[in-house]
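*Asks:* Kindly return the folded structure for what I paste below:
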Amino acid sequence: MKYFIFILNIVFTQLSLELIGTDFDKPIFVSSNEQFPKKIFVVEQAGIVWKLDLSKKLQEIFLDITDRVHKPLFPGDEMGLLGFAFDPNFDKNKLIYLSYNDKNDNSIISKFLVKDNVLDKNSESILLKFKQPYSNHNGGHIAFGPDDNLYISIGDGGSAGDPQGRAQDLSNFFGSILRITPNVNKGYDIPIDNPFINEPHLKKEIWAYGLRNVWRFSFDRFNGDMFLGDVGQNSWEEINYIKKNSKSGINFGWNEMEASSCYKKDCDSLKYMLPIFEYPNDARYVKTLLGIKHKDVHGCSVTGGYVYRGKQISDLYGRYFFGDYCTGKVWSFIVEHNKQIDLKDHTKNLLESIKKKKFYLSSFGETNEGELILVDYGGSIYKLTN
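*Replies:* Numbers count the residues shown, from 1 in each chain. I've put the predicted structure just below:
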């Protein structure tokens with residue numbers, strides 16, 4: 001079933017954006033941790049993470065691994081520092097996890113020790129390392145789920161259309177969400193309920209697959225449901241949904257399908273999990289890279305977000321927010337009985353509140369209290385407010 005955004009443009013509530021940080025260099029994510037009250041961590045693609053004090057608007061470097069990270073070389077470069085996560089027991093073990101591309105185009109998932117509130121660069125322990133076949137579609141997001149396992153997004157490896165069919169090939173990591181249990185000392189374990197743990201020729205780390213390039217995913221902090229924003233190929237951008245305690249090993253269909261449509265001829269949609277929401281990929285990515293504003297289009301690169309569980313805007317409680325990088329559009333919906341309902345477009349009010357006509361929405365994030373943060377790849381960080 002298709003959902004066409006252009007027929008739903010009623011604003012749900014009078015929302016605005018509050019500028020809380022600026023002058024960052026290609027920010028691509030923000031995070032928070034209870035050990036750092038009133039602070040967020042801003043991830044820059046080139047390999048720096050800043051600690052931003054929300055009360056004083058001060059910022060200081062938390063980590064700098066530019067010595068080992070691929071530096072973004074051109075507009076639209078998808079390599080670099082892409083993911084950042086605190087260990088669920090950070091208060092005790094002081095461990096953080098990073099996902100990045102090194103200078104030799106390998107994808108790296110590693111952990112570091114934090115000493116005196118600053119990352120120890122010499123403490124890196126690499127959990128996963130594998131070569132990327134192309135420069136794009138690296139995925140890169142990492143997050144701990146409600147089960148305290150680490151979930152890792154791996155793109156299909158790049159090029160157009162997944163030419164080698166990697167996303168349907170369970171003998172490699174590409175086009176999947178991995179799920180592992182990091183060991184405190186070294187390495188990781190495979191959760192015993194991972195779907196392919198007993199298959200000798202398949203990657204036991206794979207938890208879900210058939211994905212093109214999940215740039216951002218999240219877990220609802222209230223019920224543990226998972227939302228994945230999977231960037232489309234030519235026609236559709238999609239939000240995929242996994243209810244907590246669902247079966248693992250879900251196949252979302254790429255590259256047999258793009259969202260709920262056949263990408264290849266004679267596909268069988270009954271074999272795959274279809275998205276909970278999709279919208280047309282009708283903006284020109286080249287225009288985005290050149291800074292040209294799009295008119296009367298939806299987008300070309302979905303940015304997955306979060307379910308709002310904050311306390312400051314009660315009307316929004318339980319709504320999933322997401323957007324599009326190419327157009328800066330921001331929408332929200334509610335999930336009922338595993339279906340999307342009540343889609344709202346918040347774009348007009350948000351852009352007017354910051355007096356901008358374009359906004360490169362690279363990521364969402366959450367404060368410790370569950371308030372939503374929006375990241376502009378141009379360098380600004382905003383908090384959603386009313």
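*Asks:* I'd say G140 and L98 touch.
*Replies:* No - counting by Cβ atoms under 8 Å, G140 stays clear of L98, with 9.9 Å between them. C-beta here means a position set from N, CA and C on the backbone, and glycine is covered the same way.
*Asks:* Comparing these two, which shows the higher neighbour count?
*Replies:* Per other Cβ atoms under 10 Å, whichever of G140 and L98 has more neighbours is G140, with 29 against 25.
*Asks:* Point to the helix or strand of this structure where mean pLDDT is at its lowest.
*Replies:* Sorting the helices and strands of the chain by mean pLDDT, DSSP states H and E puts helix 285-290 at the bottom, at a mean of 50.
*Asks:* Run me through the strand neighbours of the longest strand along the chain, direction for each.
*Replies:* Looking across the chain with DSSP state E, the single longest strand is strand 118-131. If you go by DSSP bridges, strand 118-131 pairs up with strand 106-115 (antiparallel).
*Asks:* residues in contact with the partner strand?
*Replies:* By Cβ atoms under 8 Å, 6 or more residues apart in numbering, the residues outside strand 106-115 that reach it are 63, 87, 90, 94-102, 119-121, 123-132, 138, 140, 142, 150, 152, 154, 182.
*Asks:* one more time with 7 Å
*Replies:* Under the contact criterion Cβ atoms under 7 Å, 6 or more residues apart in numbering, strand 106-115 has outside partners 94-102, 119-120, 123-132, 138, 142, 152, 182.
*Asks:* wait, what's in contact with the residue lying closest to H201 once chain neighbours are set aside?
*Replies:* Computed as Cβ to Cβ, 6 or more residues apart in numbering, the closest residue to H201 that is not its neighbour in sequence is S171, at 6.0 Å. Applying Cβ under 7 Å, 6+ apart, one finds that S171 lies in contact with H201, L202, K203.
*Asks:* if you set the cut-off to 10 Å instead, what comes out?
*Replies:* F196, E199, H201, L202, K203, I206 (Cβ atoms under 10 Å, 6 or more residues apart in numbering).
*Asks:* and what of Y325?
*Replies:* By Cβ under 10 Å, 6+ apart, the residues touching Y325 are 76, 215, 229, 231, 237, 283, 285, 288, 299-303, 359-363, 377.
*Asks:* Compute the distance between it and K244, please.
*Replies:* 28 Å (Cβ to Cβ, to the nearest Å).
*Asks:* Using the three-state scheme, assign the nearest residue to R309 once chain neighbours are set aside.
*Replies:* Computed as Cβ to Cβ, 6+ apart, the closest residue to R309 that is not its neighbour in sequence is G370, at 4.0 Å. With DSSP: H, G, I helix; E, B strand; the rest coil as the basis, G370 sits in coil.
*Asks:* returning to that earlier point: buried ones among the contacts of Y325?
*Replies:* 215, 229, 231, 237, 283, 288, 299-303, 359-363, 377 (16 or more other Cβ atoms under 10 Å).
*Asks:* just the helices in the protein please.
*Replies:* Along the chain, counting by DSSP state H, helices occupy 90-93, 285-290, 347-353.
*Asks:* Can you flag which of the contacts of S171 belong to strands?
*Replies:* Among these, the members found in strands (DSSP E) are I206.
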